[in-house]
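Novice: got a predicted structure here, sequence first:
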Amino acid sequence: MAKTFSISGQHYLFDVQTFAQVVLAAGGEEYHYALLDRTTQGVIDDVANGVSDLGVIMETSETAEQLNAVLDNHGLQFVELVSSAPRVALPASHPMVNSQKLTLEDMADWPYIYFDQGADAPDFFYEEALSSVPRTKAIACTDRASLTELIVALNGYTVTSGILVGITDGSALTTVALDTPEKLSLGYIVKKDNVVSDLEQKFLEKLTKNLEKYAYRD
């Protein structure tokens, strides 16, 4: 069944929320759309192969150069919508939750939960900032619900944009500032010669507003 509006993205709630808002606003008696959660390589492949016209991803100041080189090789470009500071996401009951600021050393004894990118994925494909830092306790998972449940069940943590919206992460997790000069660039990838559709343009406009509303500047 042909999809007329398809967005691929890494595992974020803010693009889910935005997608839903655009679909509700567009209305219609019949439509065939798709919102696809992917690994970073999956997002790149979807956009390069025309499965989706837009892919929502994050770059960090550490990974941007290498990731942009991969995108260029696929005929794609990254467009930043907003810059955000990394945050530590952890359960509301976590002993460190009332800290003003945390370091990765502070979290060394707690399980680190992250999104698996595949056995051969380079460090710069990971969705978490500072993913190359060694951890003694680390658990990989493949979907957003599992990541949240594991963090809560194990008193674990992850490193995120801090933009927790929606029903799941937004109620189960909280965030604390991370002491790092690293910056996150939240945006989208698109073919260099692509002209976005009206729905895609509305999605990007709404996504920009949502990111500007929730992003942490420091």
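Specialist: Nice, I can see it. Here the structure is a predicted model, which means the values were calculated and not measured.
Novice: and whichever strand or helix holds Thr18, what other elements does it pack with?
Specialist: Thr18 is part of helix 14-26, with elements assigned from DSSP states H and E. In terms of contacts (3 or more Cβ pairs under 8 Å, 6 or more residues apart in numbering; DSSP states H and E), helix 14-26 is packed against strand 5-9, strand 33-37, helix 198-214. Where you see a C-beta, it was placed from the backbone N, CA and C, and this is true even at glycine.
Novice: and the contacts of it?
Specialist: Contact with helix 14-26 is made by 5, 7, 9, 31, 33, 35, 56, 163, 165-166, 199, 202-203, 206-207, 210-211, 214, as judged by Cβ atoms under 8 Å, 6 or more residues apart in numbering.
Novice: report the angle between that helix and strand 33-37.
Specialist: If you take axes from the mean of the first three to the mean of the last three Cα atoms, to 10 degrees, helix 14-26 sits at 170 degrees to strand 33-37.
Novice: tell me how the protein divides into domains.
Specialist: The chain breaks down into these domains under automatic domain parsing: 5-83+183-214, 85-178.
Novice: can you redo these as JSON lines with mean neighbour count?
Specialist: Shown next, in JSON lines, are the domains of the chain (neighbours: other Cβ atoms under 10 Å):
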{"stretch": "domain 5-83+183-214", "mean neighbour count": "18"}
{"stretch": "domain 85-178", "mean neighbour count": "17"}
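Novice: many thanks, have a good one.
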